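**Student:** What follows is a predicted structure for the sequence shown.
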Amino acid sequence: MLDLVKGSLIFFASPRSSPKWLTRLILAVEVFRVFVSLHSPVTLELSVGCPMLSSECKVLRVLIVDDHELTRFSLKLAMQRQAGIELVGLASNGREAVEMADRHCPDVIVLDLQMPIMDGLSASTQIKSVHPQIKILAYSSLEDPQTEVMLQTAKVDAFCNKETAVQDLIAIVNQLGQEAEHKKSHS
């Protein structure tokens, strides 16, 4: 629900709102800023329900890779609001993802499948060949039998549809991070 109060845009949403919906909201806020010509910036407060991690937990390092700027921005906002998650970078294609994985060695990569320059499946294969410990979450709106077959042969650890609620996406990222930490401690 949107509400305009004394020059502020207030947004109320369920923690189950999908990233695609959040992207549309962010675009609406930008349009709102232009048409209303506010002298002070519109504040967008985003809160996603997720259990807090204990202070004993290791910080989970996450890299977001998507060719759509608004998707990267909405995922960035959601991740930055989470205790225990450090966003190490944003990439817009597979080649940048490979370079950033080498440079930052994240625990988890949220990786779009369809991108220019290098697609997500090619990037995941290259990343896993050098950094097998990095967990890769394929993040796509593709849902067809051909994609499922590609994912089974690709070097990805999980799949999440872009229509999935932000809360569920973050839960998958946290689960992959826990799996990576468990594997490190038992090797």
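**Tutor:** Here it is on my side, so go on.

**Student:** Tell me how many other residues surround residue 118.
**Tutor:** Using other C-beta atoms under 10 Å, the number of residues around residue 118 comes to 15. Any C-beta I mention is one placed from the backbone N, CA and C, and that applies to glycine too.

**Student:** Then it would be within a strand, right?
**Tutor:** No: going by DSSP: H, G, I helix; E, B strand; the rest coil, the assignment for residue 118 is coil, not a strand.

**Student:** what's the spacing between it and residue 60?
**Tutor:** 25 Å (C-beta to C-beta, to the nearest Å).

**Student:** With residue 174 instead?
**Tutor:** Taking C-beta to C-beta, one finds residue 174 at 7 Å from residue 60.

**Student:** do residue 70 as well
**Tutor:** 24 Å.

**Student:** Likewise for residue 157?
**Tutor:** 14 Å.

**Student:** who's more crowded, these two?
**Tutor:** residue 60 (24 against 19).

**Student:** how many neighbours does the nearest residue to the more buried one once chain neighbours are set aside have?
**Tutor:** Among residues not flanking residue 60 along the chain, residue 177 sits closest, at 3.9 Å (C-beta to C-beta, 6 or more residues apart in numbering). Look at residue 177: counted by other C-beta under 10 Å, it has 23 neighbours.

**Student:** give the contact list for residue 177.
**Tutor:** Residues near residue 177 by C-beta atoms under 8 Å, 6 or more residues apart in numbering: 60, 62, 107, 108, 135.
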